[in-house]
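Peer 1: Sharing a model that was predicted from the sequence below.
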Amino acid sequence: MSHTTIFALASAPGRGGVAVFRLSGPRAAEALRSLAGRDLPAPRTAQRVRLRHRDEDIDDGLALMFPAPRSFTGEDVVELHVHGGRAVAAALSDALVSLGLVPAEPGEFSKRAFLNGKLDLTRAEAIADLVDAETAAQRRQALRQLDGGLAALADRWRAELVRAMALMEAVIDFSDEGVPDGLVGEVGRAVMALTADLQSHLVQGQRSERLRDGIHIAIVGAPNAGKSSLLNRLAGREAAIVSSVAGTTRDVIEVHLDLHGWPVVLADTAGLREAAEDVEAEGIRRALARAEMADLKLAVFDASLLPAWDGPTRSMVDADALVVLNKADKSTMALPAELDGHPVLALSARTGDGLDGLLSVLEQEVSTRYAVSAAPALTRARHRAAVEDCLAALGRFDPVAEIELAAEDLRLAAAALGRITGRVDVEEILDVVFREFCIGK
């Protein structure tokens, strides 16, 4: 438990109806007693207080006390609910500093909760994800993780490995003590089953990471195909400059969308053509790079130029592209239904006709590609790296070649999984050995 007492404005900064200050540490109760000039309120009970410091009133508000260890951080925690004005917040902050409290670093309350055993790392990350959630799908995923689903899954995987490690240690160290036959084969079967489970969740985790970070969609096409107009229509605002002059867009312009609960990062890119000068060439290079890393592409063509199709844009139409035929209102010929086997979505970014159809197809495409189950999921690159390290260790597991090295591979695999939740305890192995095999009796 930390010897310093920290504080922070837990509510949004700026002008508001109520501002909430949170204090945590050994001097939290003392600070409240000093500011309120009275006895502490009953635990977890709001009490109206007049906050004063150095004979000057700060505000009239509410105080709550959460004694250790039954608090968010596991330390003494105080909450002060005051009026949400900047002057009140500044005066209260100055008073707390003068009382010896320290402004909290970002995430320090959650860090203390983890260090004091109140949260594992996955739940701490879920709190940050829930605060940052911008769509319903992100909120639901963060809540599942906060409820402990991922932690329980990682603990189950690790428990299976701990048991396998105990069996291997029994084979190595206690072979003369009547250890049952066939333990190595049992461990091998357990490793195979766990490997398959980890690989399955690794695939699902890629979708969950996309849900957390946003699904990237790049708008590509020739100059003046109407890419910027389409971006503005989808964003519902003038995010990109629209001009009849070809090559107006030089850099990648991003907007964040909520596509019926799915987080989308939509990027307008420079027109694809032979560059006339260095700045445009750099813009085209960035456009191609963004298209390469995008999860989906909107390949935009100019319907007024039919029957001609822009060659550079056509070359980018693949399984990850939707073909969009813009300026349908300016076409003088029948619009084609497909291009190279891909359905064509005709619309007019100028009038908005056909936009609902594009949004519907986009939602269906995103839902199909990135739908996640209700099961716990790996939501961060850190989780994926831990599982990949575990799988690498299990892939080396070979008790037939060298049983001691095989046991070490199991230990490395378990340590990798322990990094997901932040729980690593080698004493668990001995607990399982003595509980299951009663060695020494």
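Peer 2: Done, it's in. Numbers count the residues shown, from 1 in each chain.
Peer 1: From the centroid of this structure, which residue is nearest?
Peer 2: By C-alpha atoms, centre = their mean, the chain has its centre lying nearest to R212, at 3.9 Å.
Peer 1: Distance-wise, check it relative to L146.
Peer 2: 13 Å (C-beta to C-beta, to the nearest Å). The way it works is simple: take the backbone N, C-alpha and C, and place the C-beta from them, glycine included.
Peer 1: For L359, list the residues it contacts.
Peer 2: With contacts defined as C-beta atoms under 8 Å, 6 or more residues apart in numbering, L359 is in contact with 234, 259.
Peer 1: how far out from the middle of the chain is the host helix or strand of it?
Peer 2: If you go by DSSP states H and E, L359 is part of helix 355-370. On the basis of C-alpha atoms, centre = their mean, to the nearest Å, helix 355-370 sits 22 Å off its chain's mean C-alpha point.
Peer 1: ok, now stretch 111-118?
Peer 2: In terms of C-alpha atoms, centre = their mean, the centre of stretch 111-118 is set 20 Å apart from its chain centre.
Peer 1: which outside residues touch it?
Peer 2: 1-2, 6, 24, 69, 71-75, 119-121, 124, 422.
Peer 1: for stretch 397-414, the distance to its chain's centre please.
Peer 2: Centroid separation for stretch 397-414 versus its chain: 33 Å, with C-alpha atoms, centre = their mean.
Peer 1: Same check on stretch 290-309?
Peer 2: For stretch 290-309, the separation from the chain centroid amounts to 30 Å (computed by C-alpha atoms, centre = their mean).
Peer 1: going forward can the numbers begin at 309, since that is how I track them
Peer 2: All right, first residue 309 from here; so that's stretch 598-617.
Peer 1: May I see the buried residues of stretch 358-367?
Peer 2: Applying a neighbour-count criterion of 16 or more other C-beta atoms under 10 Å, one finds 359, 361, 366-367 buried in stretch 358-367.
Peer 1: Walk me through which strands the helix or strand hosting V328 pairs with, and which way each runs.
Peer 2: Using DSSP H and E, V328 maps to strand 324-332. Its sheet considered, strand 324-332 pairs with strand 314-317 (antiparallel), strand 385-392 (antiparallel) by DSSP bridges.
Peer 1: Rounded mean pLDDT for the lengthiest strand in the chain, please.
Peer 2: Longest strand in the chain, counting residues (DSSP state E): strand 364-374. Regarding strand 364-374, the rounded mean pLDDT is 96.
Peer 1: same check, this time on stretch 514-528
Peer 2: 83.
Peer 1: Please apply the same query to stretch 672-689.
Peer 2: 80.
Peer 1: and it, which residues are buried?
Peer 2: Residues of stretch 672-689 classed as buried: 673-674, 678, 680, 684-688 (neighbour count, 16+ other C-beta under 10 Å).
Peer 1: Give me the distance between the two termini of stretch 563-571.
Peer 2: Distance between the two ends of stretch 563-571: 11 Å, counting by C-alpha to C-alpha, to the nearest Å.
Peer 1: let me fix that: stretch 636-652
Peer 2: Stretch 636-652 end-to-end distance (C-alpha to C-alpha) = 11 Å.
Peer 1: Okay, buried residues for it please.
Peer 2: Buried residues in stretch 636-652, defined by neighbour count with 16+ other C-beta under 10 Å: 636, 639, 644, 647, 652.
Peer 1: Now tell me which of these the prediction trusts least.
Peer 2: Within the buried residues of stretch 636-652, lowest confidence goes to S639 (85).
Peer 1: which non-adjacent residue is nearest that residue?
Peer 2: Of all residues not flanking S639 in the chain, A611 sits nearest, at 4.1 Å (C-beta to C-beta, 6 or more residues apart in numbering).
Peer 1: what sits against that neighbour?
Peer 2: Going by C-beta under 8 Å, 6+ apart, A611 touches 633-636, 638-639, 643, 654.
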